[in-house]
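Student: Just need the structure, nothing else, for what follows:
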Amino acid sequence: MAKPDDALTAFNNGFTCSSAVFSAFADDLGLTGDLAKKISCGFGAGVSRTGNICGAVSGAILAIGLKYGKAEAGDSAANEKTRALVRQFIDEFIEKNGSINCTGLLGYDLSEQNEYDKARAENLFATKCPEYVKDAAAILERLL
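Tutor: Numbering: from 1, shown residues only. Now for the predicted structure:
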């Protein structure tokens, strides 16, 4: 099964968008799926329903950092590679979806309970979010 399908399956099974994307790459990055889901859980719904950066994007950024991020002082090459890949990911995601923020993607400020409720009533988490999860995983799969 391809990574976008793995991510979508996790999302459809009730995991946050961030957990779905990050955990789809867990085995390749030396983590268990359960640990990846726990690490990334708080990033879902625009960083815990604040409407900020989309959790699917956050999950992808976590994966890029885990694979290429700086772990040793002075390793500026790792820092630059990570930042370049994150920028490329963001550029591609924005090109496809118009934004990386939940508020921009869904049209509702998820930090406001009444707007969150409206987004839920319009079924956006079941209609739009799965596409963002698949898009994030597909872009990430190409970059890793």
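
Student: so who does residue 79 touch?
Tutor: Residue 79 sits next to 69-70 when contact means Cβ atoms under 8 Å, 6 or more residues apart in numbering. Placement of C-beta: from N, CA and C, glycine included.

Student: where's it relative to residue 53, distance?
Tutor: Distance, residue 79 to residue 53, by Cβ to Cβ, to the nearest Å: 20 Å.

Student: Residue 76 now?
Tutor: Applying Cβ to Cβ, the value for residue 76 to residue 53 is 25 Å.

Student: Of these two, give the one with the bigger neighbour count.
Tutor: residue 53 (18 against 9; other Cβ atoms under 10 Å).

Student: list the contacts for the more buried one?
Tutor: Counting by Cβ under 8 Å, 6+ apart, residue 53 makes contact with 43, 46-47, 100-102.

Student: same question, residue 29
Tutor: The contact partners of residue 29, taken as Cβ under 8 Å, 6+ apart, are 36, 63, 66-67.

Student: element containing residue 91?
Tutor: helix 76-97 (DSSP states H and E).
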